[in-house]
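Engineer: No letters, just coordinates:
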Ligand SMILES: C[C@@H](C(=O)O)C(=O)SCCNC(=O)CCNC(=O)[C@H](O)C(C)(C)COP(=O)(O)OP(=O)(O)OC[C@H]1O[C@@H](n2cnc3c(N)ncnc32)[C@H](O)[C@@H]1OP(=O)(O)O
């Protein structure tokens, strides 16, 4: 919120109000280096021009807000045209309470997203599905974010949907609504401009297995297992796990994992290219430390460059070639000649 934008809200502020507000904002906003004289000049200048200045600023503010809403819409797979009424679905899901989804955002730009329902092996209740979407919205707005670790409380990942809730929403409409809600949510997770890792400890079953496929990478602890148990539930994946699994391991291996409901242990996951590394410790705290260290090798560097790197890869993964190339050009334009680029040109790093 810049000084001017803030003042726009005070439609007909008295001069003392302007004076007080400017003082407060100058106090809290170290960007403004300002002496008293220039401060008075500024506020008089602003006061005399408030009509002319207010209008473009107000329009600018409205434009930014509109762009943010449209961006949110673009990120979503389903909307009203698909019969997707998000607020109604959230209301329905919130009837099934329990557990939580916690997010901590660390100074080094790595976020830790915790699936927290250990009593039920971190099974997703309805409220956890809604909270997952809320945390992802937070992450979309975290401009300093570079990386994300998703893991489960109680040394296990996630055993899918809470079967108590599943029983209550087993009718077609509710099932399809939950399916679209979770596909929207996991697609937004997948498209975050942060490098994401699923830290798999214990069991990742059903929807939990699908959640691992929405992360860029998977790291597994000794003895952990990922299992697409949907066939035993008379189901196929519904949270987008099948489509993403095919992209990760190929259609042949994906069909075997889904139709064979195979237990994917760390060795098998490495062989399939489904996991990046088997961690040395299955202790919850040590495994998280190892995951942080693993991820840091990729998030080291300027936040603008790390985020741009994920965006160009997302474009390459999801778009037809020519669209991907054009998107890459646009993203290239955001870093070429930027602070990190200019600083590197001065430093002339040797890539030994
Ligand atoms: C995609 C989505 C969909 O809707 O399509 C789905 O994910 S369908 C859901 C797919 N997931 C599943 O079918 C997994 C079902 N759960 C299991 O197979 C098992 O719990 C394991 C995950 C293998 C863990 O077995 P283990 O013997 O280690 O623990 P446990 O079975 O005693 O589980 C500990 C407690 O967690 C509960 N629990 C475990 N998974 C649960 C789930 N998905 N929903 C509700 N409760 C669950 C158990 O009932 C038990 O509670 P009590 O002590 O009170 O009995």
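Structural biologist: Looks like it arrived, so ask away. Everything numeric here is computed off the predicted structure, so don't read it as measured data. Numbering: from 1, shown residues only.
Engineer: Residue in the stretch 201-350 of the chain with the shortest distance to the ligand?
Structural biologist: Sorted by distance to the ligand under CB to the nearest ligand atom, the residues of the stretch 201-350 of the chain start with residue 206, at 2.6 Å. To be clear about C-beta, it is placed using only N, CA and C from the backbone, and glycine gets the same treatment.
Engineer: contacting residues for that residue?
Structural biologist: Residue 206 makes contact with 159-161, 227-230, 233, according to CB atoms under 8 Å, 6 or more residues apart in numbering.
Engineer: pLDDT score for it?
Structural biologist: In this model, residue 206 is scored at 98, pLDDT.
Engineer: what do you get for the one 10 residues further on?
Structural biologist: What the model reports as pLDDT for residue 216 is 98.
Engineer: try residue 351
Structural biologist: Predicted confidence (pLDDT) for residue 351: 81.
Engineer: so who does residue 180 touch?
Structural biologist: For residue 180, the contacting residues are 77-78, 82, 84, 89, by CB under 8 Å, 6+ apart.
Engineer: Report the contact partners of residue 247.
Structural biologist: If you count contacts by CB under 8 Å, 6+ apart, residue 247 has them with residue 317.
Engineer: What ranges does the stretch 151-300 of the chain have for its strands?
Structural biologist: With DSSP state E, counting those that start in this stretch as the criterion, the stretch 151-300 of the chain has strands at 195-200, 203-205, 217-220, 225-227, 277-278.
Engineer: of all the ones you listed, which lies closest to residue 238?
Structural biologist: Within the strands of the stretch 151-300 of the chain, the stretch nearest residue 238 is strand 203-205; the backing value is 14.2 Å (CB to CB).
Engineer: what's next to the closest one, contact-wise?
Structural biologist: Outside of strand 203-205, the residues within contact range by CB under 8 Å, 6+ apart are 121, 156-160, 198, 211-212, 224-227, 229.
Engineer: Please, a ChimeraX command that selects the buried ones among those?
Structural biologist: For selection in ChimeraX, the members of the contacts of strand 203-205 meeting the burial criterion (16 or more other CB atoms under 10 Å) are listed in this command:
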select :121,156,157,158,159,160,198,211,212,224,225,226,227,229
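Engineer: and the ligand, which of the contacts of strand 203-205 reach it?
Structural biologist: By CB under 6 Å from any ligand atom, the members of these lying near the ligand are 121, 159-160, 229.
Engineer: Most widely separated two among the contacts of residue 206?
Structural biologist: Across the contacts of residue 206, the longest distance by CB to CB is 14.3 Å; it joins 161 and 227.
Engineer: what distance separates the helix or strand containing residue 90 from the centre of its chain?
Structural biologist: If you go by DSSP states H and E, residue 90 is part of helix 86-93. Taking CA atoms, centre = their mean, to the nearest Å, one finds helix 86-93 lying 21 Å from the centre of the chain it belongs to.
Engineer: strand partners of the helix or strand following that helix, parallel vs antiparallel please.
Structural biologist: Heading C-terminal from helix 86-93, the first helix or strand you meet, by DSSP H and E, is strand 100-105. Strand 100-105 has its sheet partners listed here by DSSP bridges as strand 110-116 (antiparallel).
Engineer: Does the ligand have contacts with the partner strand?
Structural biologist: No: on the criterion CB under 6 Å from any ligand atom, strand 110-116 is out of touch with the ligand, staying 11.9 Å away.
Engineer: Now the element after the helix or strand where residue 304 lies, going C-ward?
Structural biologist: Taking DSSP H and E as the definition, one finds residue 304 inside helix 303-318. Next along the chain after helix 303-318, taking DSSP H and E as the criterion, comes helix 321-335.
Engineer: Would you mind pulling up the elements that that following helix packs against?
Structural biologist: Packing contacts for helix 321-335, counted by 3 or more CB pairs under 8 Å, 6 or more residues apart in numbering; DSSP states H and E, involve helix 303-318.
Engineer: This completes my enquiry, with thanks.
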